[in-house]
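Undergrad: give me coordinates for this.
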Amino acid sequence: MKIKGKAVRAKKSKGQRVKNELKALGLIDEGRMVGSDEDYVYVPVLERVPDKYEVVEKELETREKRKGFRELLVERFGEKGAKGVLSSYDVVGDIAIVQVPEGLRAHEAEVGELLLRGEKKVNAVWKKAGGREGEFRVTKLMHLAGEERSETEYVENGVRMKLDVRKVYFSPRLSHERKRVLGEVKEGENVLVLFAGVGPFALEIGKACPHAKVVGVELNPEAIKYFEENIVLNKLGNVEAVLGDAQKAAEGEFSGWADRIAMPLPMGAEEFLGAAFSAAKPGCIVHFYRMVDRKGGVEVLKERIRKAAEKAGREVEFIFEKEVRPYSAATMQIVIDFRTRQSDNP
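TA: Predicted structure coming up:
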């Protein structure tokens with residue numbers, strides 16, 4: 001549909017320059033599209049254009065507003081029907097991963113198509129078909145819409161990461177945490193990342209702190225393959241990917257090595273606290289992640305940390321805690337930062 005309104009007319013040879021100038025001044029009417037004829041371009045504008053521009057009345061095509069995924073989903077299934085999908089989907093690179101609630105299972109193919117339409121950069125949609133499985137905690141996925149491809153490239157805090165969402169564990173929901181932690185690392189620190197995956201914590205710390213030494217330990221061979229590729233991709237000479245068991249690495253090669261330790265395992269990381277204490281230098285700061293109950297879960301976890309420290313002949317000072325993300329009505333993921341030191345009572 002065309003709408004008549006004000007437009008700046010410019011020779012085609014000057015059209016792009018004029019458009020850039022008007023955009024910088026905030027004068028372009030985004031509701032209409034740029035038009036042209038044999039000799040001129042017509043840039044739709046708002047009121048009060050500087051006198052140096054030639055302003056004419058011109059009929060131009062309207063710009064159709066692209067509806068986002070949320071708008072499309074609510075329009076089709078209503079607020080209540082859309083809620084379970086909107087709170088649980090993630091976009092990693094150009095791949096969307098969605099959890100379809102039981103009430104929409106009969107329409108899951110349509111949900112996938114709406115995701116492709118509403119998320120401009122998404123080219124493939126996969127649905128969660130189960131929980132995290134096996135020793136590598138990888139979520140079972142099934143193809144839902146778009147390209148039947150599970151490898152992608154994801155960019156976060158200036159770092160490029162290749163990964164396969166079907167072969168590795170990865171959560172974009174910790175992006176703000178990774179940014180917070182890399183902001184606390186000091187030059188010259190030895191940083192140990194346990195359960196490193198494809199390397200997001202390690203890579204981002206390594207890039208932000210080129211004089212820190214960063215080691216990521218991961219058990220999944222597929223994740224290590226991508227981790228090593230990502231080190232090369234980002235040209236990071238201060239980051240090392242180690243394939244192996246977190247406990248053996250922390251108690252062996254990296255015993256007493258770390259100034260800072262990140263433990264981004266959503267469940268079960270407390271089983272490796274002893275290993276973390278083995279790797280920690282006196283004064284080491286540990287960033288510890290865990291799913292907990294909203295009611296009393298934080299204090300229960302702190303007590304577990306204290307007991308693990310006592311068993312290792314250490315003491316801890318809790319210095320930071322917060323909810324990282326909600327998981328369910330009763331459960332949340334938290335981070336607790338604590339500093340370690342030798343116990344005064346051997």
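
Undergrad: every contact and neighbour count from this point should use C-alpha atoms.
TA: Fine.

Undergrad: domains of this protein?
TA: With domains defined by automatic domain parsing, the chain comprises 2-61, 69-149, 154-342.

Undergrad: Throw the ones you listed into CSV and include mean pLDDT, thanks.
TA: Putting those into CSV (pLDDT from 0 to 100) gives the following:
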stretch, mean pLDDT
domain 2-61, 91
domain 69-149, 91
domain 154-342, 96
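
Undergrad: reformat the ones you listed as TSV; add mean neighbour count.
TA: Output for the domains of the chain, formatted as TSV (neighbours: other Cα atoms under 10 Å):
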stretch	mean neighbour count
domain 2-61	16
domain 69-149	17
domain 154-342	19
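
Undergrad: let's check: the centremost residue of this protein is which one?
TA: Pro172 (2.4 Å; Cα atoms, centre = their mean).

Undergrad: ok, that residue - contacts?
TA: Listed by Cα atoms under 8 Å, 6 or more residues apart in numbering, the contact partners of Pro172 are Asp90, Val91, Val92.

Undergrad: how close does the last one sit to Gly84?
TA: Using Cα to Cα, to the nearest Å, we find Val92 at a distance of 19 Å from Gly84.

Undergrad: check the first one too.
TA: Look at Asp90 and Gly84: by Cα to Cα, they are 13 Å apart.

Undergrad: quick one, helices of the stretch 1-150 of the chain?
TA: For the stretch 1-150 of the chain, applying DSSP state H, counting those that start in this stretch gives helices covering 15-24, 69-86, 108-118.

Undergrad: just the stretch 201-346 of the chain next, same as before
TA: Ranges of helices within the stretch 201-346 of the chain are 221-233, 246-251, 273-279, 297-311, based on DSSP H, counting those that start in this stretch.

Undergrad: export those helices as TSV, with columns for distance to Arg149.
TA: Formatted as TSV, the helices of the stretch 201-346 of the chain follow (distance: least, Cα to Cα, whole Å):
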stretch	distance to Arg149
helix 221-233	16
helix 246-251	30
helix 273-279	37
helix 297-311	39
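
Undergrad: packing partners of the helix or strand hosting Val181?
TA: Val181 belongs to helix 175-182 when assigned by DSSP states H and E. Using 3 or more Cα pairs under 8 Å, 6 or more residues apart in numbering; DSSP states H and E as the contact test, the elements touching helix 175-182 are helix 200-208.

Undergrad: how about the helix it packs on as PDB, C-alpha atoms only?
TA: Provided in PDB are the C-alpha atoms of helix 200-208 (Å, rounded to 0.1, in the frame of the first residue of the first chain):
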ATOM      1  CA  PRO A 200      32.800 -20.000  26.900                       C
ATOM      2  CA  PHE A 201      34.100 -19.000  30.300                       C
ATOM      3  CA  ALA A 202      37.700 -19.800  29.400                       C
ATOM      4  CA  LEU A 203      37.700 -18.100  26.000                       C
ATOM      5  CA  GLU A 204      36.000 -15.000  27.200                       C
ATOM      6  CA  ILE A 205      38.400 -14.600  30.200                       C
ATOM      7  CA  GLY A 206      41.300 -15.300  28.000                       C
ATOM      8  CA  LYS A 207      40.400 -12.700  25.500                       C
ATOM      9  CA  ALA A 208      39.600 -10.000  28.100                       C
END
